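Asker: Sharing a sequence plus its predicted fold:
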Amino acid sequence: MSLPSLPSLTRREHSLLALALLLVSAAVLGPSVAAPALGGAPFADGQSWRTLPNAMDVLSNLPFAVLGIWGLRWLHWLDRAHERLQDAAPLPQALALPPFNALDCAWMFFAGLILTALGSAFYHLQPDDLRLAADRAGMAVAFSGLVGFAVCERVSARAGWPAAWFTLAGGLLAAAVCQKYGNALPWAVVQFGGMALVLALALCRPVAGAIGLKLGWVVFFYALAKLFELADHAIFEATRHLVSGHSLKHLTAALAALPVLHALQVMGRRTLRHNSHAASLRTRSAAST
């Protein structure tokens, strides 16, 4: 009896696999890079509000939680809307299934935003190396969901979910290595290599059945957040201690969730149109009998 043949990979899937192997090789075989003293690094704004230390750097994480909850609510609504569509529509229409892999990655992304808010707030309350690892763990979940979603949109739906889990495993491992051994290279590979992948995917055409995520805006908000982070002290002085670059980094990075939300809302409007059509068809069928 012959064994079933494995599905062949597309050109983009081959390129994605090659890039993954390259990044793993760089993280494992590259020279150890000493982690800067980020755990206890003095951020520009150390001002307290009442009993809350580093108040702005802590409170500026709230948008991550708000957008994460908003996104999860949208995904829950989409799940219910698709269920109603399948119940109401005739069979040929009901066969048009939602892009499950992309939506699964979106669930991971928005859940990761909530974990990022919690981890980052926990870290900024009292910065140290262990809390920094917790902060990065939350970021890894959100980043993995984003990478998986991007892969679903620009490579293939079947490659997105494995890419998300691959990135999550690498991100969590890199955060642990940095905390335990002081080697920042694996984390740098995950962070900057992953964003380089998202940038490259933004330049590719969406695949058939893509939801329509605007990756260019995601890259824009991420790059702007990094600029604010680098200008932490300069912005704090320029605004006369009103706001620091690091606080603006949190606010701007959270905005990267808006393109994902917008894509889901567009998909939701399409679902509403299908539901209205299906309901009218069912009404006509009932009237004719």
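Answerer: Yep, that arrived.

Asker: Ramachandran angles for residue 49?
Answerer: With angles defined as degrees, to the nearest 10, residue 49 sits at phi -120, psi 110.

Asker: Now for the residue minimising distance to the centre of the chain, which secondary structure element holds it?
Answerer: For the chain, the residue nearest the mean C-alpha position is residue 146 (3.0 Å; Cα atoms, centre = their mean). Secondary structure from DSSP states H and E places residue 146 in helix 129-154.

Asker: C-terminal to that helix, what's the next element?
Answerer: Counting by DSSP H and E, what follows helix 129-154 is helix 157-181.

Asker: what pLDDT, on average, does stretch 184-193 get?
Answerer: Taken as a whole, stretch 184-193 has a mean pLDDT of 95.

Asker: Can you report how many residues neighbour residue 25?
Answerer: Burial measure for residue 25: 11 neighbouring residues, criterion other Cβ atoms under 10 Å. In this view, the C-beta of every residue, glycine as well, is placed from N, C-alpha and C.

Asker: what's the answer for residue 83, then?
Answerer: Residues near residue 83, counting by other Cβ under 10 Å, number 10.

Asker: Return the distance of it relative to residue 108.
Answerer: Taken as Cβ to Cβ, to the nearest Å, the spacing of residue 83 relative to residue 108 amounts to 21 Å.

Asker: same thing with residue 204?
Answerer: Using Cβ to Cβ, we find residue 204 at a distance of 22 Å from residue 108.

Asker: Look at these two and report which has more neighbours.
Answerer: Looking at residue 204 and residue 108 with other Cβ under 10 Å, you find the greater number of neighbours at residue 108, namely 24 against 14.

Asker: That one against residue 138, yeah?
Answerer: No: taking Cβ atoms under 8 Å as the contact criterion, residue 108 and residue 138 are not neighbours in contact, 11.9 Å apart.

Asker: that older thread, can you mark which positions in the helix holding residue 146 are buried?
Answerer: Applying a neighbour-count criterion of 16 or more other Cβ atoms under 10 Å, one finds 129, 131-154 buried in helix 129-154.

Asker: Stretch 155-166 too?
Answerer: If you call a residue buried by 16+ other Cβ under 10 Å, then stretch 155-166 has these buried ones: 155, 156, 157, 159, 160, 161, 163, 164, 166.

Asker: Residue 229 belongs to a helix?
Answerer: Yes: assessed by DSSP: H, G, I helix; E, B strand; the rest coil, residue 229 belongs to a helix.

Asker: contacting residues for it?
Answerer: 245, 246, 249 (Cβ atoms under 8 Å, 6 or more residues apart in numbering).

Asker: wait, the last one sits on residue 228?
Answerer: Yes: distance between residue 249 and residue 228: 4.3 Å, which falls inside the contact criterion (Cβ under 8 Å).

Asker: hmm, back to that, among the contacts of residue 229, which one has the most neighbours?
Answerer: Neighbour counts for these were taken using other Cβ under 10 Å; the highest belongs to residue 246, which has 25 neighbours.

Asker: Leaving out sequence neighbours, find the closest residue to that one.
Answerer: What sits nearest to residue 246 in space, not counting adjacent residues and going by Cβ to Cβ, 6 or more residues apart in numbering, is residue 232, at 4.6 Å.
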